[in-house]
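S.K.: Build me a model from this:
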Amino acid sequence: MMNESERLTRDKAVLREREDSMRLLIESLQEYAIFLLDANGRVATWNAGAQRLKGYRADEIIGKHFSCFYPEEDRADGKPAKTLQAALVNAQTQDEGWRVRKDGQRFWARVTTSRVLDPDGRLLGFSKVIRDRTERRKMELALQEKNIELRKTLEARDLFLANMSHELRTPLNGIIGFAEFLADEKPGPLSPKQKEYLEDILHSGKHLLHVINDVLDLAKVEAGKMELAAEAFSIAKAVDDVYAALELTAQKKQLQISIRLDPDFDEVTLDRNRFKQVLYNLFSNAVKFTDEGGSVEVVTTKIGSDRFRLVVADTGIGIKPEDLKRLFRQFEQINPGQRRGQGTGLGLALTRRIVELQSGAIDVESEFGKGTKFTIVLPIVLPPFDSDHQS
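M.R.: Below you'll find the model as predicted:
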């Protein structure tokens, strides 16, 4: 049986063996620079990773002060001494920053500095564990530069939108206003040809204004700049206003227009202008893509206590199944051979975004050659607007 002295000798041998194994492991590590400093900050040990990372051989660096690893500006600022003081007070400290190799090349390092105490609590020195993070730092700096560029681009876009909103709409509204003034024969009577020409000007001007509004509004949504103004209004009045703008076209095509509104409710609290914009986009598409003698139907239905459904259905040319998935994509237009009177490809994309901004949903059903039905579900009262969730 082993006596106390033999047991102590064995334990010391096991401990030395473990320490030797640990030292060999640390000295062989290539990915990390691991070394010890004495209490005054001079290099006491040096592993293979430290030689690879910093470029010094052990016989070149042991005994030298570790401040030689810092750039000149950090040494002037006293950063080496501050690092040791922080480790002494807090037991361990971590930081990232530029360090210098033997050849003067800088690299970005992640450094962990720990104090080393003897069993009585006296300071023996410090341990250093360093990893090269230069490539990651380069990527971070490149990303910061890209973010700055993106921010400048977004600021320029917002300024452009603000300017274009004024510069495009103001003169066009003037053209439309004067054309209406002349068409109403307020300055004097017009010949049939003059009236026809003025109606063409009005139609083209209003169409162009609608396109401009769609482009600018969609850009606002994408930029997170579209604001909603909730107000109480009558659905029946909104439908009447939209139909009045399309009535002449519907009559010329001899379309049967059916408007059936839920008698149990009429007042909603939404953005009235945006609601009318959505309704106009759907209603005008239905009129545009329905042949002469066809029909268009607008129906509202209350759902429970807090939502309602709006349906715009037509007996028009319909949409092929493979084209339905592209219908709400901006700037996408389905085959002109299938859909006539092609526009910008923005109307339905904008419609969906406006509906979603008002906490609603839109769906479409269609059978090619037989007609299309759009269904929108909206809240009766617009919930609080969260600008962080616009896009």
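S.K.: Apart from its neighbours in sequence, what residue is nearest Asp38?
M.R.: Distances taken as CB to CB, 6 or more residues apart in numbering place Gly125 nearest to Asp38, at 4.5 Å, with adjacent residues excluded. Bear in mind the C-beta positions are built from the backbone N, C-alpha and C, glycine included.
S.K.: got it, and Asp95?
M.R.: Val111 (5.7 Å).
S.K.: Assign that neighbour to helix, strand or coil.
M.R.: strand (DSSP: H, G, I helix; E, B strand; the rest coil).
S.K.: who's in contact with stretch 166-182?
M.R.: The contact list for stretch 166-182 (CB atoms under 8 Å, 6 or more residues apart in numbering) reads Pro187, Leu190, Leu198, Ile201, Leu202, Gly205, Lys206, Leu208, Leu209, Ile212, Asn213, Leu216.
S.K.: So in terms of bridging, what pairs with the residue lying closest to Arg260 once chain neighbours are set aside?
M.R.: The shortest distance from Arg260 to any non-neighbouring residue, by CB to CB, 6+ apart, is to Val299 (4.8 Å). On the basis of DSSP bridges, Val299 is bridged to Arg260, Val311.
S.K.: and the longest helix for this structure?
M.R.: Identified as the longest helix of the chain according to DSSP state H is helix 134-183.
S.K.: what's the following helix or strand after it?
M.R.: helix 192-222 (DSSP states H and E).
S.K.: elements contacting whatever helix or strand comes next after that following helix?
M.R.: Heading C-terminal from helix 192-222, the first helix or strand you meet, by DSSP H and E, is strand 230-234. Contacting strand 230-234 under the criterion 3 or more CB pairs under 8 Å, 6 or more residues apart in numbering; DSSP states H and E are the following elements: strand 267-271, helix 272-288.
S.K.: So the residue nearest to Asp95 versus Tyr70, what's the distance?
M.R.: 10 Å (CB to CB, to the nearest Å).
S.K.: Now for these two: what residues contact both?
M.R.: With CB under 8 Å, 6+ apart, Val111 and Tyr70 have common neighbours Arg99.
S.K.: sorry, back to before: my guess is the residue nearest to Asp95 contacts Ala87, does it?
M.R.: No - applying CB atoms under 8 Å, one finds Val111 not in contact with Ala87, separated by 10.2 Å.
S.K.: When these two are compared, which one has more neighbours?
M.R.: With neighbours defined as other CB atoms under 10 Å, Val111 and Ala87 compare such that Ala87 has more, 21 against 18.
S.K.: Got the confidence number for the closest residue in space to the more buried one that isn't next to it in sequence?
M.R.: Residue nearest to Ala87 in three dimensions, not counting chain neighbours: Thr113, with 4.3 Å by CB to CB, 6+ apart. Per-residue pLDDT puts Thr113 at 95.
S.K.: Quick check: Thr113 vs Phe283, distance?
M.R.: 71 Å.
S.K.: where along the stretch 251-391 of the chain do the strands fall?
M.R.: Ranges of strands in the stretch 251-391 of the chain, per DSSP state E, counting those that start in this stretch, are 256-260, 267-271, 295-303, 307-314, 361-367, 371-379.
S.K.: Just send those strands back as CSV, with distance to Ala238 and mean pLDDT too.
M.R.: Listed next are the strands of the stretch 251-391 of the chain as CSV, based on distance: least, CB to CB, whole Å; pLDDT from 0 to 100:
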stretch, distance to Ala238, mean pLDDT
strand 256-260, 11, 96
strand 267-271, 9, 95
strand 295-303, 10, 96
strand 307-314, 10, 96
strand 361-367, 17, 93
strand 371-379, 12, 95
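S.K.: Relative to Leu327, which of the ones you listed is closest?
M.R.: Ranking those by proximity to Leu327 (CB to CB) places strand 361-367 first, at 6.2 Å.
S.K.: For the closest one, what is the distance to the chain centroid?
M.R.: With CA atoms, centre = their mean, to the nearest Å as the basis, strand 361-367 stands 27 Å off its chain's centre.
S.K.: Outline the domain layout of the protein.
M.R.: 1-26, 31-132, 152-225, 230-389 (automatic domain parsing).
S.K.: for those domains, which one sits closest to Lys146?
M.R.: domain 152-225 (10.2 Å).
S.K.: For this protein, which residues score under the pLDDT cut-off?
M.R.: Applying pLDDT under 70 to the chain flags the ranges 1-31, 161-162, 165, 330-346, 385-391.
S.K.: re the thing from before, would you format the contacts of stretch 166-182 as JSON lines with distance to Leu248 included?
M.R.: JSON lines is the format used below for those (distance: CB to CB, whole Å):
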{"residue": "Pro187", "distance to Leu248": "23"}
{"residue": "Leu190", "distance to Leu248": "18"}
{"residue": "Leu198", "distance to Leu248": "15"}
{"residue": "Ile201", "distance to Leu248": "16"}
{"residue": "Leu202", "distance to Leu248": "11"}
{"residue": "Gly205", "distance to Leu248": "16"}
{"residue": "Lys206", "distance to Leu248": "12"}
{"residue": "Leu208", "distance to Leu248": "18"}
{"residue": "Leu209", "distance to Leu248": "17"}
{"residue": "Ile212", "distance to Leu248": "22"}
{"residue": "Asn213", "distance to Leu248": "20"}
{"residue": "Leu216", "distance to Leu248": "26"}
